[in-house]
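Novice: quick one, structure for this:
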Amino acid sequence: MSIIRFCLFILIAVTVCGPAQSQDNPIVTRMAAFTEAYNAKDAEVISGFYAEKGALLPPQGKALIGRPAIAAHYANAFANGVAGLKYRVIEIDQTSEDTAIEIGETLVAFNTQTITGRSMHIWKKVNGEWFLHRDMYHVLAMSK
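Specialist: Residues are numbered from 1 along each chain as shown. I've put the predicted structure just below:
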């Protein structure tokens, strides 16, 4: 096999196999379901993605600990015009059997604007299911 054919084979294999592997990751699956709940504006379902004592760390705000505080945060955001989340997982680093760090990018509709952001999530596995333990996000830009 020539070097050109070999490189073409590797390029095709990475292109075809790479996304399938990431889609099989349970954290990618959880974030897809999170996005669906967000787009349905269901603050209670969203809070269920967080560990019982999970923390949401919004920019320039106090830490919100626990599902009730997190649900209230999302309900307030939806009532004020936040909607339409698009989420892309950039990287997942599973640091142990029950802990992973995930970095992602967001686009969120806010009234007539779009908010571009980035997040870092620490995930904990509890009884075989992944939950957001810590959720920190950063607003990068707002545009029309």
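Novice: what ranges does the protein have for its helices?
Specialist: Ranges of helices in the chain, per DSSP state H, are 3-23, 26-39, 43-47, 67-79.
Novice: in the shortest one, what's buried?
Specialist: Think helix 43-47. 43, 45-47 (16 or more other C-beta atoms under 10 Å). In this view, the C-beta of every residue, glycine as well, is placed from N, C-alpha and C.
Novice: does residue 91 touch residue 103 like I think?
Specialist: Yes: with contact defined as C-beta atoms under 8 Å, residue 91 reaches residue 103; the gap is 4.8 Å.
Novice: of the two, who's got more company?
Specialist: The neighbour comparison of residue 91 against residue 103 (other C-beta atoms under 10 Å) goes to residue 103, with 14 against 10.
Novice: if I look at the more buried one, how far off is residue 78?
Specialist: Using C-beta to C-beta, to the nearest Å, one gets 25 Å for the distance from residue 103 to residue 78.
Novice: distance check, residue 52 against residue 85.
Specialist: Going from residue 52 to residue 85 by C-beta to C-beta gives 23 Å.
Novice: out of these two, which sits in the busier spot?
Specialist: residue 85 (19 against 9).
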